[in-house]
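*Asks:* can you look at this prediction? I've put the sequence above it.
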Amino acid sequence: MNHIRFFLLTVLTFLLNFNIFSQDLGRLRGLVTDSTSGETLAFCNVFIRELNTGSSTNERGLYLINSIPANQEYTVTVSYVGYKTKEIEVFIKRGQLTNADVKLVPLSIELQTIEKIGDKIIGKNTTDLGVERISIRQLEILPKGVETDVMRSLQYLPGVRSTGDVSARYYVRGGTGDQNLVLLNGVTVYNPFHSLGLFSVIEPDIINSVEFHKGGFSSEYGGRLSSVLNIISKDGNKNRFGFKGSSSLLTAKGMIEGPIPNGSFLISGRKSHSNNILKKFLNDQVVPIDFYDVSFKLNYSSKDFFGNAKFSLFSFLSGDDLIYDDPLREGFNWKNNLIGFEWLQIYDVPIFSRLGVSLSQFEGNVIPNASSLKPRRNELKDFTISFDLNVFFSNKDELVTGIKINTIDSKLFIENQLGVSSDINRFAGNISIYGKYKLLRFENFGADIGSRLNVSGFNSNTEAIPEPRVSLIYRILPSLAVKGSWGIYLQELTSVSDENEIISVFEPWIIIPGYLKASRSINYGAGLEWNIFPSLTAEMETYYKTTINLPVINEKKYFSYDPDLISGKGESYGWEFMLKYSKEPFNITSSYSLSWAYKEIENYLYYPKYDARHTANFSFEFNFGAGWMGSAVWSFSSGLPFTQLIGYYDKYYLTGNSGSDFNNGSYIPYALLGDRNLGRLPEYHRLDLGLTKRLLVWLANMELSINLVNAYDRKNIFYFERDTGKRVNMLPLLLTGTIKVEI
Amino acid sequence: MSNKLINLLMILLISVFFLSCEEDFSPFGDFREKYVLTCILRSDTTFQIATLSSSYFTGTINPDDNETDLAVKFADIRVWYEDSVYLFRDSSIVRVDTSRYTTQISFYFSNRFKITPNKPIEIEVLMQNGKRLKAASVTPKEVNFSNQSSVLIPPVTGNLINVILSNGSTGTFYQPKLYFRYQKRINSITTYHEMEIPSRYSVIDGIEEPVYPVPSNKQTLVYNMDVINKTMAYLSASEPEDVIFSIYENLIMKLVILDENLTRYVSSTSQSFDDLTVRVNENDYSNVEGGLGIFGSYIIKEYDRLRFRANFITSFGYNFIKEN
């Protein structure tokens, strides 16, 4: 309670001592939307020509430019990928906030040109080290596999790894998979994967914006150590009703959207219709997975009701079932359900606020049926109330602050072959506050300084641990900037995943038990950004990260009183380089990363399964014109770790199924393994080609695309079966196609 | 300029098509010789056995390519139990299954002691090459059965037979073997047999097979009457009609009580996974310092309070042999 009082006092002091409004200057604020659908456009460029300054819209499409000399008219240029650039004239009044909402017109299919993603003139002092703002167009040009997938697309960013083509799970800068926070409209999605981790649950057609923080994220995000994937969904067409449908070799999807009085709605659904394509991913196994996801959003905004407010009610439901016809086979199912309410308020003074209330549920089951497996069950319910406040000062600085009240009800039941069961049920609450100050007053220097604090943690040993975070940028030259970041991160939840499994069907979430401390990580980052030419940009980042109290499965749990989890440590560091060239009709991106990751458990140091020394990606996009677009992406990674075989021995097994007499045991050869993960698999590389044609057929926009995955059929090894010696490779050459219709 | 760039990129793309070869991959690291000691001491006999062997490398992914039994001979194996030390002598017996190894089975033995509950035990092995292995354990604690009066099968109510351990612990593992004795008379010749009652039946490869109890920490041992009924029916299922079966009244339960190290070993060898999970590393438990294998013990406790009802046996067409 003392922490909350201190926090409120600090906020009040800031507000009273800083002039939100200066009398000689004015402000410009507005919303940038698509003129046809009314959807907000995130990360647009808003530029004031006369002042050679500007801003970009945030993830909600809002922009605010401070400290504009008043009593003058200005030309404001608003530009965004895939839209016609628009210029408007605005008159800035002294001491006032001028509203200028802008509607951008989409370019016609024939005239669509490739534009730079992100104008580097804007945001000179924006502290964005490790942040990637991904447009839907970027998602669409990347290799699809079977269809566009936001999680798979992240794997092409430097610093982001996967363990192979089979999985969409990702590992960021040496962190484990459960250290990545996935947010949909501000609500946590706990298991964002379908089909054993092959695809993500979030259907790209519902996405408005994607912001990915690779590390060093600022204090408004908490509860994870490695990364934040912040997805904002579309609102639905505010101007007219529309329908979109598409089909691939795996799923069929449909989306309906349209206006309602003072608002809009969007309903989207996706359902798997065939499992044949999954055989390519799963070593030709027939896996009868059936999945669906349904998304719903309702928006309301009226000047007569809390003017400048927007209310949203949204829901997301996804489920996977894996049920064999054979009653002797085990079954699996898992579900993600979330519902949320959001109130975004723009005030007459330059303050934004967001109130969110949400419930996110995850449930996973292993159903033994008549198999020899034991039952396993996980349930997690997360209820959250959050409030965020953004205050913009006349000197361009910003104050962002917020509070989050969170309750988690987690249940996990697992039983091993000997009847040793773990029944871990916890209900706990967490109150956390954060504040950060963005120093933006200087032209060539920016800073983001803040901290989070657990006023009340899920466990008593996490209370009052501050998580300070600093991010800096200094522009040495207009085209050259250096950046740095440092921060402490805390995580109180964990996914109990077995690192010995490279395909896993059950990864439950629990609150880290009270006998362990919360995981804690210290991240250091530094970077360089160089706009070599207007069409050529280079970025370099380096990072160092240490983690303590990493919860890992206790492989020596033989008795019910043995702890389920023990504590480990992690360390990782690396260097990432990215070069982007964008000039019509090309768009070329190349990236390279050199990295190391280590884990230490009970004084045993080893490389985790996702450690790859060198990673490179090269993507090439070409606009042939007349709606034709081609792409090629080549990916390379040095070999992932594996544990070598160093021999065999005849091991004694006490009992077989021919009787329970211990004297009837037998000696069976057993593979002797060397030091953990000291060997390296062969290098991985793959070329994917894509061709897309967009056309207008009567009233419908159609998009036909063909993708050739692993074009030269590289036999990239996934693992080898120790029992049979069989080598299992990743995706072979695969030709897929999708058809999309939008009315 | 852009034409040259297109040409260059096309050349790069085409050249990448020649990179599709599959690389050779070897899963092997450098061979490390390790020694394996297996010694499980028992309470039901003075004949205690130990085996000693070494690891091997075949150069292939198939361990059966090794056809040489790598048993280590002429080692000095000593066990400390209570205040005495027992030297194990090496010996060999004829191998019945010669599908892999053809030489005799080598082992070490002592026939001078049997273990009792809750005692420390130690073993030390010294091989001729100077390598030494050591291990220690504690024999299991004694357990008692709660119900000392007769337990009749089938029960008056319900379908389950429960045998409860009165002083068991969750840290100890138990494996029951419940069996009955019977006579089989064919053409005036009587033979004597035992049949174990499984915990359940399961269809494996289309054939219904018995599944016997595995070690667990459950202190209530449960048998289902449906399984007992099925076992009684199977007894004569494949026999000619003129065979006469006579079932003894008393059933015998032998309860194997494992010590802590043996429990951990059994746990690590009993993992079962679904077909989709892919594990690339395995746990290999051993309490042998300097090597691999297991040094542990088990105690067998008998429980003889379970009795068949006469009418239950005769309902199957069998004779009932009453016992005092």
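*Replies:* Nice, thanks for sending it over. Model, not experiment: these values are computed from the prediction.

*Asks:* and the residue of chain B closest to chain A?
*Replies:* Relative to chain A, the nearest point of chain B is B:I61 (2.7 Å; CB to the nearest CB). C-beta coordinates here come from the backbone N, C-alpha and C atoms, glycine included.

*Asks:* excluding residues flanking it in the chain, which one is nearest that residue?
*Replies:* A:G725 (2.7 Å; CB to CB, 6 or more residues apart in numbering or on different chains).

*Asks:* B:T191 and B:Q183 touch, don't they?
*Replies:* Yes - under the criterion of CB atoms under 8 Å, B:T191 makes contact with B:Q183 at 7.0 Å.

*Asks:* please settle this for me: is the residue of chain B closest to chain A part of a helix?
*Replies:* No - B:I61: not assigned to a helix; according to DSSP: H, G, I helix; E, B strand; the rest coil it is coil.

*Asks:* touching, it and B:F25? I think so.
*Replies:* No - the criterion here is CB under 8 Å, and B:I61 misses it with B:F25 at 11.2 Å.

*Asks:* and for those two, which residues touch both?
*Replies:* Residues within reach of B:I61 and of B:F25 at once, by CB atoms under 8 Å, 6 or more residues apart in numbering or on different chains, are A:F720.

*Asks:* of those two, who's got more company?
*Replies:* Each of B:I61 and B:F25 has its neighbours counted (other CB atoms under 10 Å in any protein chain shown); B:I61 has more, 19 against 14.

*Asks:* quick one: secondary structure of the spatially most central residue of chain B?
*Replies:* Central residue of chain B (CA atoms, centre = their mean): B:V266, 7.3 Å from the mean position. Assigned by three-state DSSP, the conformation of B:V266 is helix.

*Asks:* give the closest residue to it in space, chain neighbours not counted.
*Replies:* Using CB to CB, 6+ apart, the closest residue to B:V266 is B:P215 (5.0 Å).

*Asks:* give me the residue from the stretch 601-743 of chain A nearest chain B.
*Replies:* For the stretch 601-743 of chain A, CB to the nearest CB, closest residue to chain B: A:G725, 2.7 Å.

*Asks:* quick check: bridge partners of the spatially most central residue of chain A?
*Replies:* Among the residues of chain A, the one closest to the centroid is A:L229, at 2.4 Å (CA atoms, centre = their mean). Taking DSSP bridges as the rule, A:L229 bridges to A:V182, A:F212.

*Asks:* surely it touches A:K214?
*Replies:* No - counting by CB under 8 Å, A:L229 does not reach A:K214; the two are 10.0 Å apart.

*Asks:* so for the helix or strand where B:H193 lies, what gets flagged as buried?
*Replies:* Using DSSP states H and E, B:H193 sits within strand B:189-197. If you call a residue buried by 16 or more other CB atoms under 10 Å in any protein chain shown, then strand B:189-197 has these buried ones: B:M195, B:E196, B:I197.

*Asks:* wait, which of the residues you listed is closest to A:F720?
*Replies:* When the buried residues of strand B:189-197 are compared for distance to A:F720 (CB to CB), B:E196 wins out at 39.2 Å.

*Asks:* who's in contact with the spatially closest residue to that closest one that is not a sequence neighbour?
*Replies:* Spatial nearest neighbour of B:E196, chain neighbours left out: B:Y179 (4.4 Å); criterion: CB to CB, 6+ apart. Residues in contact with B:Y179, defined by CB under 8 Å, 6+ apart, are B:E194, B:M195, B:E196, B:I197, B:L251, B:I252, B:K254.

*Asks:* switch to 7 Å and redo it
*Replies:* B:E194, B:M195, B:E196, B:I197, B:L251, B:I252 (CB atoms under 7 Å, 6 or more residues apart in numbering or on different chains).

*Asks:* and for A:V105?
*Replies:* A:S35, A:Y83, A:K84.

*Asks:* tell me where the chain has helices.
*Replies:* Went with chain A since none was named. Along chain A, the segments classed as helices by DSSP state H run A:2-17, A:136-141, A:150-154, A:278-281.

*Asks:* can you look at chain B instead?
*Replies:* B:2-16, B:225-235, B:260-269, B:310-314.

*Asks:* hmm, back to that, out of the buried residues of strand B:189-197, the closest to A:L183 would be?
*Replies:* Using CB to CB, B:I197 is the member of those that sits closest to A:L183, with 56.1 Å.

*Asks:* which residue, other than its chain neighbours, is closest to that closest one?
*Replies:* Nearest non-adjacent residue to B:I197 (CB to CB, 6+ apart): B:L178, at 4.7 Å.

*Asks:* from memory the one you found sits against B:M253, does it?
*Replies:* Yes - contact criterion CB atoms under 7 Å: B:L178 and B:M253 qualify, at 4.8 Å.

*Asks:* neighbour count winner among those two?
*Replies:* The neighbour comparison of B:L178 against B:M253 (other CB under 10 Å) goes to B:L178, with 26 against 21.

*Asks:* which ones are touching the more buried one?
*Replies:* B:E196, B:I197, B:Y223, B:L251, B:M253.

*Asks:* quick one on the thing from earlier: I figured the residue nearest to B:I61 hits B:G59, correct?
*Replies:* No - using CB under 7 Å as the test, A:G725 is too far from B:G59 to be in contact (11.7 Å).

*Asks:* quick one: name the residues of the stretch 501-650 of chain A near chain B.
*Replies:* Applying CB under 7 Å from any CB of the partner chain, we find that the stretch 501-650 of chain A lies next to chain B at A:501-505, A:555, A:558-561, A:620, A:632, A:634, A:642-650.

*Asks:* among these, name the buried ones.
*Replies:* Listed as buried from those are A:501-505, A:555, A:558-560, A:620, A:632, A:634, A:642-650; burial here means 16+ other CB under 10 Å.

*Asks:* let's see which of the residues you listed end up in strands.
*Replies:* A:501-503, A:620, A:632, A:634, A:642, A:645-650 (DSSP state E).

*Asks:* now render those as JSON lines, adding pLDDT and distance to A:P192.
*Replies:* JSON lines is the format used below for these (pLDDT from 0 to 100; distance: CB to CB, whole Å):
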{"residue": "A:E501", "pLDDT": "72", "distance to A:P192": "18"}
{"residue": "A:I502", "pLDDT": "70", "distance to A:P192": "19"}
{"residue": "A:I503", "pLDDT": "71", "distance to A:P192": "17"}
{"residue": "A:F620", "pLDDT": "89", "distance to A:P192": "29"}
{"residue": "A:A632", "pLDDT": "90", "distance to A:P192": "28"}
{"residue": "A:W634", "pLDDT": "92", "distance to A:P192": "27"}
{"residue": "A:F642", "pLDDT": "90", "distance to A:P192": "27"}
{"residue": "A:L645", "pLDDT": "88", "distance to A:P192": "35"}
{"residue": "A:I646", "pLDDT": "90", "distance to A:P192": "38"}
{"residue": "A:G647", "pLDDT": "90", "distance to A:P192": "41"}
{"residue": "A:Y648", "pLDDT": "91", "distance to A:P192": "41"}
{"residue": "A:Y649", "pLDDT": "93", "distance to A:P192": "42"}
{"residue": "A:D650", "pLDDT": "93", "distance to A:P192": "45"}
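
*Asks:* return the closest of those residues with respect to A:T163.
*Replies:* Nearest member of those to A:T163, counting by CB to CB, is A:I502, at 5.8 Å.
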